[in-house]
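Novice: got a predicted model here, sequence first, then my questions.
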Amino acid sequence: MSDSDWDPYGGDAHLTPVFGRLRLRTLVMLRWLAVAGQTATVLLVHFVLGFELPVGFCLGVILASTWINTWLTLSVKPQQFAEDWQVFLQLAYDVVQLCALLMLTGGLQNPFVVMLVAPVTIAVAALPPRWSGALAALAMMGTAAMWFWSLPLPWSGSEDGLELPGMYLVGLWSAIFIAVAFTAVYSWRVSREGRAMATALAATQSVLSREQRLSALGALAAAAAHELGTPLATIQLTAKEMLRELKDDEILREDAELLVTQARRCRDILKRLSQEKTASDERHDRVEFLAALEEAAAPLRGLGPVVNVHIKQPDSAVPASEPVLKRMPEMLYGVGNFIENAVDFANTRVVVEGGWDAEFVTVAIEDDGPGFSLEILSKIGEPYVTTRQGTPGQGGLGLGVFIAKTMIEKTGGEVVFDNAAPHGGAVVKARWPRERVEAGALLR
């Protein structure tokens, strides 16, 4: 796999959105800003503040950046994405150009040496670790080169420039090294979490899209039944006319009778399909609480641990009638995913308990497995948090819990993860306000 296909989480980049790659226009624009800032600083320090600088050499170094930017603008489309190696080469040039300019103006003693952090930060945010690490190493090599050779820092009242103590220079070099390293690690962490969140949200949208397509099949079937009714009636009417006209032809008469019979059968099927759609709207859009939990747990029965689904009866002060819920694919998928995780980690049993009161509907899923470790418990629900040792792309990436939690929160619910006491095991509790998930009365 090439660097352009790089995916920080082990997957195939063709299956995930493109992250971390820069457009050429972005790099060119940043370099133009650097050219403008460097030119203004050199001219201000030399002509306004009166410090002696090798202006010709400084402007020559800056002119090289201008020439490169002009060439890139004219030869490459500005909207084109730059490959990783192209980004590295351009940022490496920026580092070398900045180091050359600093060597001409005091080296490590020049306060603008901190600007070396900028290209390293961009590289860490946009490139794979091996490229960004190489750029950080190049920046540190540049600072080491300044240690061995650089022109004196211009200073008023001194022909030889300002001479700082050696120990101070060591401290300054150490500070620059730490700044580059800390900024690189910080930027890498932030960009990594951003990529993880974006990829996880893309996966969530994919699952939701699939559920919506499945829900739309019922409406499609009803539309097909309606549209096919008229041409089928015409076929049946024509077949009956043919049957009356073919009294003397036994063979054709049998064919005509077959057409009439099959057309009648098709009309019966379409009629039944249409009636089932009407009933399906009531049955499919409304589901009893226990039936919803049974539906979520049904695919996971017989996979090892026993899955026990029951309803906890409320206190006498709460209405005893079991709530009837809206059928929401997000809710069923989320609960089903938590049950699946419990089955995977349970030893012998998984308990799915539903409950309700005057304000909330709750679901608790408990297993008798090892439970959540303290490290996982503090982060569970975030993308790519998992204890599974799986093959990338075949589960175990830590997206399932994140997607399930996101879907439940989308329906107005909230999820809490905990360990059961005193016997251990994991517990996942989901809770929804009744007005968000309860179905209204049927219209008769």
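Specialist: Okay, I see it. As the structure is a computational prediction, the values presented were derived from the model and not from experiment.

Novice: going forward, measure contacts between C-alpha atoms and count neighbours the same way
Specialist: Noted.

Novice: quick one: what helix or strand has W432 in it?
Specialist: Under the criterion of DSSP states H and E, W432 resides in strand 426-433.

Novice: gap between that strand and the chain center?
Specialist: Strand 426-433 sits 24 Å away from the centroid of its parent chain (Cα atoms, centre = their mean, to the nearest Å).

Novice: can I get the helix or strand that contains V61 in CSV? Just the C-alpha atoms.
Specialist: Under the criterion of DSSP H and E, V61 resides in helix 55-75. The C-alpha trace of helix 55-75 is given here as CSV (Å, rounded to 0.1, in the frame of the first residue of the first chain):
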residue,chain,number,x,y,z
VAL,A,55,20.1,42.1,3.2
GLY,A,56,21.1,40.8,-0.2
PHE,A,57,21.6,37.2,0.9
CYS,A,58,18.4,37.4,3.1
LEU,A,59,16.2,38.7,0.2
GLY,A,60,17.8,36.1,-2.1
VAL,A,61,16.7,33.3,0.2
ILE,A,62,13.2,34.8,0.4
LEU,A,63,13.2,35.2,-3.4
ALA,A,64,13.8,31.4,-3.8
SER,A,65,10.4,30.8,-2.0
THR,A,66,8.8,33.3,-4.3
TRP,A,67,10.1,31.6,-7.4
ILE,A,68,8.9,28.1,-6.1
ASN,A,69,5.5,29.4,-5.3
THR,A,70,5.1,31.1,-8.7
TRP,A,71,6.2,27.9,-10.5
LEU,A,72,3.8,25.8,-8.4
THR,A,73,0.9,28.2,-9.1
LEU,A,74,1.5,28.1,-12.9
SER,A,75,2.3,24.4,-13.4
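
Novice: give me the buried positions along that helix.
Specialist: Of all the residues in helix 55-75, those buried under the rule 16 or more other Cα atoms under 10 Å are 55, 58-59, 61-62, 65-66, 69, 72.

Novice: report the separation between the closest residue to L293 other than its chain neighbours and N337.
Specialist: Spatial nearest neighbour of L293, excluding adjacent residues (Cα to Cα, 6 or more residues apart in numbering): V309 at 7.0 Å. Using Cα to Cα, to the nearest Å, one gets 15 Å for the distance from V309 to N337.

Novice: and for M29?
Specialist: To N337, M29 is 46 Å away according to Cα to Cα.

Novice: do the same with A239
Specialist: 53 Å.

Novice: next: L325.
Specialist: Plainly put, L325 is 19 Å away from N337 if you go by Cα to Cα.

Novice: host element of the residue nearest to L293?
Specialist: Using DSSP H and E, the element containing V309 is strand 306-311.

Novice: quick one: list the elements packing against whichever helix or strand comes after that strand.
Specialist: With elements assigned by DSSP H and E, the helix or strand that comes after strand 306-311 is strand 324-326. Of the remaining helices and strands, those touching strand 324-326 by 3 or more Cα pairs under 8 Å, 6 or more residues apart in numbering; DSSP states H and E are strand 286-288.

Novice: which elements pack onto the strand it packs on?
Specialist: Contact here means 3+ Cα pairs under 8 Å, 6+ apart; on that basis strand 286-288 packs against strand 324-326.

Novice: what residues does the strand it packs on touch?
Specialist: Strand 324-326 is touched from outside by 285-289, 437-439, with contacts defined as Cα atoms under 8 Å, 6 or more residues apart in numbering.

Novice: all helices of the stretch 201-350 of the chain, in order?
Specialist: Ranges of helices in the stretch 201-350 of the chain, per DSSP state H, counting those that start in this stretch, are 250-285, 289-297, 329-345.

Novice: quick one, which of those is packed in tightest?
Specialist: Per-residue neighbour counts averaged over each of these give the maximum for helix 329-345, namely a mean of 21 (mean count of other Cα atoms under 10 Å).
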